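> here's a sequence, model it:
(4 chains)
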Protein chains: 4
Amino acid sequence: MLHFENDYSEGAHPLVLQSLIDTNNLQLPGYGSDDLSAQAKQRIAEACGKPDADVFLLVGGTQTNMVVIASMLNQFEGVVAVDTGHVSMHEAGAIEASGHKVLTVPGHDGKMEANILQQYLAGFFEDANHDHMVFPGMVYISHPTEYGTLYSRAELSAISSVCHEYHLPLFIDGARLGYALACPQSDVTLTDIATYADVFYIGGTKIGALCGEAVVFPQANAPKHMLTMIKQRGALLAKGRLLGAQFAALFTDDLYWHISKNAIDTASVLRTALVKRGYRFYINSPTNQIFVILDDKKLAELSKQVIFSIWERFDTDHTIIRFATSWATKESEVQSLIKLL
Amino acid sequence: MLHFENDYSEGAHPLVLQSLIDTNNLQLPGYGSDDLSAQAKQRIAEACGKPDADVFLLVGGTQTNMVVIASMLNQFEGVVAVDTGHVSMHEAGAIEASGHKVLTVPGHDGKMEANILQQYLAGFFEDANHDHMVFPGMVYISHPTEYGTLYSRAELSAISSVCHEYHLPLFIDGARLGYALACPQSDVTLTDIATYADVFYIGGTKIGALCGEAVVFPQANAPKHMLTMIKQRGALLAKGRLLGAQFAALFTDDLYWHISKNAIDTASVLRTALVKRGYRFYINSPTNQIFVILDDKKLAELSKQVIFSIWERFDTDHTIIRFATSWATKESEVQSLIKLL
Amino acid sequence: MLHFENDYSEGAHPLVLQSLIDTNNLQLPGYGSDDLSAQAKQRIAEACGKPDADVFLLVGGTQTNMVVIASMLNQFEGVVAVDTGHVSMHEAGAIEASGHKVLTVPGHDGKMEANILQQYLAGFFEDANHDHMVFPGMVYISHPTEYGTLYSRAELSAISSVCHEYHLPLFIDGARLGYALACPQSDVTLTDIATYADVFYIGGTKIGALCGEAVVFPQANAPKHMLTMIKQRGALLAKGRLLGAQFAALFTDDLYWHISKNAIDTASVLRTALVKRGYRFYINSPTNQIFVILDDKKLAELSKQVIFSIWERFDTDHTIIRFATSWATKESEVQSLIKLL
Amino acid sequence: MLHFENDYSEGAHPLVLQSLIDTNNLQLPGYGSDDLSAQAKQRIAEACGKPDADVFLLVGGTQTNMVVIASMLNQFEGVVAVDTGHVSMHEAGAIEASGHKVLTVPGHDGKMEANILQQYLAGFFEDANHDHMVFPGMVYISHPTEYGTLYSRAELSAISSVCHEYHLPLFIDGARLGYALACPQSDVTLTDIATYADVFYIGGTKIGALCGEAVVFPQANAPKHMLTMIKQRGALLAKGRLLGAQFAALFTDDLYWHISKNAIDTASVLRTALVKRGYRFYINSPTNQIFVILDDKKLAELSKQVIFSIWERFDTDHTIIRFATSWATKESEVQSLIKLL
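Alright, predicted model coming up:
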């Protein structure tokens, strides 16, 4: 079978695994106070162009979203996100379980628009009843979005400006951040992310690691007692080295960029082939997720040899499916898939 | 000034106040275990045609919604409501603070439609990723709705059927229930409510009481240890008599119906006058809330002598406003208002 | 039957009830923005010697403790209380339901001791693992305590000093505050309370009102958006007037003090009689709660004509019981009880 | 430096690491639905003598305690634990953040006693006010305890009987379970644990794994929608294989037992030497944690060459310290330590 169903099918990139092997016998202190974690954090901070940034290494995406959001909101506040945002839909109510509402605004191709955000915030404060409503307390966007789409630098800047006009921190979910940064169509760099966001994370789970997400507070603006809040949410690893060793490897010799680029390159080959063969796209996504509208006969046929994600029904005899490439996708696998198209 | 801004401007109906006066010197046990509360509960259960119903007397609407919803949901469940529902919008995140998501479906004139609910629920369970999402755990509707509109018996029955098909309890917020029941256009009785709902409440705050909402579990289906859950949410009055004495009065000699009817009658007089004078309505609501589109000049003029609610902006020079009548509205006040129109 | 089981058996003091009657027909805005509430808050602030204090009127004790504590704590903090504190024991987990731990220190006769608090706090910060523990975020004491005992001014001052040394706000639960202030043995005034506490409340439910607790932030130090947090916990009354009218009456012509004194005077008569007849006391409480050790035969006999509270078993044939007097206790009732002793 | 400060200083046991290496390139589905996880779960269930048990693989100890407890309690319930229990003290309020109180009973050498539990439960239900209190909803014990002590089979059976008399599930925290099972003084087997507990977990983090705790519901009694509740708490790994591969290795050829035995054997050598040299023990613990009372001069001297845990001050010139051995401790390291004693 060919695997194109997601970007977390394999284990770790060989160099990441090697880092775990090489450091396995070191006797290190617990809870992230080890040298490997320190090294990883320093390299990440420097890669962001913010050598003094606060960096925390957490385990998974939903956990990271929940911990970051709960630690930064006041009790009377919620987080603003687009309706298709991961926190709105696919985290089993993790944000609400921490006591906070996800305040949704309509998105477009998975993206938040600065003017819609502006309207929402202006409308909230103009509403005479807003003391009876959940206050917006931070803004959450994903880059790339859940639909693989990207913000331009101008769009990020505009959203960031609206946030700061209303004194709201901007949180960027970068579960697939590498795939955005490696995308040739994108004008957004990691330094831009660290400039426009008040907090963001660099995803490891989907880009070369067995697990791990690196949360960055670029202005050294982490909330007080963040470690205790991480512990309180069950998110503090006893062996923080597991995360430290992996991120140290990912941020050595630009590994994170190189392996991200593999996903983009293989996706690009696949996308070109799809276009050539006249396939219809559900959405125009330049990153490693490709959303295609298949007729159900083709879908059935393809399913015999390829695993991909069923997204949703398009019409009575068509279905939206997703092909995902990753850091681990081989050119040969893409060619095999193309032959079946 | 004429007061038409809401239905809670006055204190208590004279007979409700008299009940407090008459019972003031009785020495009664606390926490709702007193005879007045027992009497009130029994009369309410009987009025519902469910003499064995479990009845709890709480203090206010948001509190009641939060306590009922939190006590009936499992940890992994949310409550389904329309986007304009009170729990979705105007309770400052009380539901989320109890750990649960409000799952919104689009409403129409403030009402939930059975087929939209059905589609949402079917879609949820068909979604291959639904284990990563908040499960629907109960359904919340308001009768009358936040826009003063009413469900017909057939509509309630249809919603109730969908709920039961999916084994979800139906919760009816009756903060203004009397105003629905007293409405001549409505074919829904209190017995119908007690038949279609698995839990509902009969509003006192907006209908003749100083405070108080009577929660009814018609099938004696209250969750185990409901009293402790009420206490845990800070909703258990030491002097439960305050609620008992008031509801005992409201459910003596059909007082609740008689005073509800006053709101409907006075609203009807006002509505007829508005129609006659060619005012535009924002929504067609048959109960005590009347939503009118005023041009801003008229609005400014009227504001000098009448207090009403500003709902939202309609267009550049028109505003949606609300007139509300109540159990306390006098025919003379309505006539004075009509003269100003 | 004679009623000595608690201090909330009757309705409202006649002047409090009269205030409700006199203001019943006023048409007032909702949610505590009415003139009666403003008047009550102003009088309370002045009685505290803090005319600029922030005052909020809530409904009941558990609700008030939960709202105040949840609104002042950070996510990683708990509230420090003695093991017998109301928040530790008898609020059905309301504090924990808001996400916060009650951190208990051993009490003595229901009271917290400054040096034990100091040791606890010093020990916490010295503990190398304290980042893995709940941080103390505020200190809660009751005055009078749950055992009717009182802090001296020196004791309050000492606790307050420890709190401020550790930058922790001191919260005084004054559900029965009037009974402390009216006690001739006490050297603590309301001004002292407003000096030593960072937030406290003045109980109405147990002292002359049908319901109501007045929260005072003496340094105008209420958390931002307190109203929204009150709403979020279901604690915001639509008819705030119910609380405003009652507290306005209680704080007119020193009514709160006069009626509090009645409880202390009647308790004093009862206590003297108990001493004279050789009854053993479980605890030496100078306020309106008297804890007596009864042999079970006497208990059975007395139960036929008097209602009192069973506190706990003392030994195989003795039980600790509580007699409570209140603002409403009549001298004649005390004399009747004395005859039965 | 010699490392005896805890049992999580090294990475993974070589065979556990090898399992990650060997399976790294497999393309596997996410969220624990992979074959490695299935294999691990099956082997664990069989090792427990409960082939039909429900098994879930989580990441860390605090997370596991919080997820298990929150998923099994009703809203009005808390978990009963001894005062020194991990959930009571060292989880930064994770249980309370999920809305539940930890109800503490006094422990003895870190252990709960069946008769004290019985008294607590009997007392709770006899208390006339228990509806105003947090209901006990489950019982939590650790085996070994936080002090390295062990329950006998008879003690476990007695606690289990009390739990079942009150219809409360018994939860055994087995973060160090292997070290208990490998202890020659213990008569408790894994089958016993699976018989007496309603839910328990088998710790991996401290016994050979990089991370991971295996939760077992021996009667296939996992709560409905457990996966969604795990997700909701941020505890569902995208690459469940990381846990599956490790536990599959730990439960192959009795690896878990063999490596646990190493910790017990090395601790035993160290303990014998300490006894011989006349050291005082703070507590008599037969497992891999040894609590010794050191005079402060010796402590300072030893600190130059050994890392150990400072537990707490014993008296003015003595300190309680902890030496911990683990699956990774070498006999030579113990001999080096002994030379320094």
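> contacts and neighbour counts: CA atoms only from here.
Will do.
> which residues does the residue of the stretch 201-341 of chain A found nearest chain C contact?
When scored by Cα to the nearest Cα, the stretch 201-341 of chain A has A:T228 as its residue closest to chain C, at 5.4 Å. A:T228 makes contact with C:F76, C:D131, C:H132, C:M133, C:V134, D:A92, according to Cα atoms under 8 Å, 6 or more residues apart in numbering or on different chains.
> show me where the stretch 51-200 of chain A has strands.
A:54-58, A:77-82, A:102-105, A:135-142, A:170-173, A:199-203 (DSSP state E, counting those that start in this stretch).
> how far does the second one sit from its chain's centre?
Yep, that's strand A:77-82 we're talking about. Taking Cα atoms, centre = their mean, to the nearest Å, one finds strand A:77-82 lying 17 Å from the centre of the chain it belongs to.
> what does stretch A:286-295 give?
18 Å.
> and the contacts of it?
With Cα under 8 Å, 6+ apart as the criterion, stretch A:286-295 contacts A:144, A:147-150, A:179-180, A:183, A:185, A:263-264, A:267, A:271, A:279-285, A:314, A:317-326.
> in strands only, show me the residues you listed.
A:R280, A:F281, A:F314, A:H318, A:T319, A:I320, A:I321, A:R322, A:F323, A:A324 (DSSP state E).
> the fourth one and A:D296 touch, don't they?
Yes. With contact taken as Cα atoms under 8 Å, A:H318 and A:D296 are classed as touching, separated by 5.4 Å.
> contact residues of the stretch 101-250 of chain A facing chain B?
When proximity is defined as Cα under 8 Å from any Cα of the partner chain, the stretch 101-250 of chain A approaches chain B at A:K101, A:N129, A:D131, A:H132, A:M133, A:V134, A:F135.
> just to revisit the earlier point, from the contacts of stretch A:286-295, list just the buried residues.
A:144, A:147-150, A:179-180, A:183, A:263-264, A:267, A:271, A:281-283, A:285, A:318-326 (16 or more other Cα atoms under 10 Å in any protein chain shown).
> show the average pLDDT along the longest helix seen in chain A.
When chain A is parsed with DSSP state H, its longest helix is helix A:255-276. Mean per-residue pLDDT for helix A:255-276: 98.
> just the buried positions in it, please.
In helix A:255-276, counting by 16+ other Cα under 10 Å, buried: A:255-257, A:259-268, A:270-271, A:273-274.
> go on, stretch A:64-72?
In stretch A:64-72, counting by 16+ other Cα under 10 Å, buried: A:T64, A:N65, A:M66, A:V67, A:V68, A:I69, A:A70, A:S71, A:M72.
> just to be sure, A:E312 is in a helix?
No. Under DSSP: H, G, I helix; E, B strand; the rest coil, A:E312 sits outside any helix and is assigned strand.
> leaving out sequence neighbours, find the closest residue to it.
A:I320 (5.3 Å; Cα to Cα, 6 or more residues apart in numbering or on different chains).
> next: A:L26.
Using Cα to Cα, 6+ apart, the closest residue to A:L26 is D:E10 (5.9 Å).
> my guess is that neighbour meets A:I21, correct?
No. If you go by Cα under 8 Å, D:E10 and A:I21 don't touch, sitting 11.5 Å apart.
> okay, now the closest residue to A:L243 other than its chain neighbours: neighbour count?
Ranked by Cα to Cα, 6+ apart and with sequence neighbours excluded, the top spatial neighbour of A:L243 is A:G212, at 5.9 Å. Neighbourhood size, A:G212 [other Cα atoms under 10 Å in any protein chain shown]: 26.
> report the contact partners of the residue nearest to A:E312.
A:I320 touches A:Y282, A:F291, A:V292, A:I293, A:L294, A:I310, A:W311, A:E312, A:R313, A:F314, counting by Cα under 8 Å, 6+ apart.
> same list (those) but as JSON lines, adding distance to D:F217 and pLDDT.
Shown next, in JSON lines, are the contacts of A:I320 (distance: Cα to Cα, whole Å; pLDDT from 0 to 100):
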{"residue": "A:Y282", "distance to D:F217": "43", "pLDDT": "96"}
{"residue": "A:F291", "distance to D:F217": "40", "pLDDT": "97"}
{"residue": "A:V292", "distance to D:F217": "42", "pLDDT": "97"}
{"residue": "A:I293", "distance to D:F217": "43", "pLDDT": "97"}
{"residue": "A:L294", "distance to D:F217": "42", "pLDDT": "96"}
{"residue": "A:I310", "distance to D:F217": "33", "pLDDT": "93"}
{"residue": "A:W311", "distance to D:F217": "34", "pLDDT": "91"}
{"residue": "A:E312", "distance to D:F217": "35", "pLDDT": "89"}
{"residue": "A:R313", "distance to D:F217": "37", "pLDDT": "90"}
{"residue": "A:F314", "distance to D:F217": "41", "pLDDT": "94"}
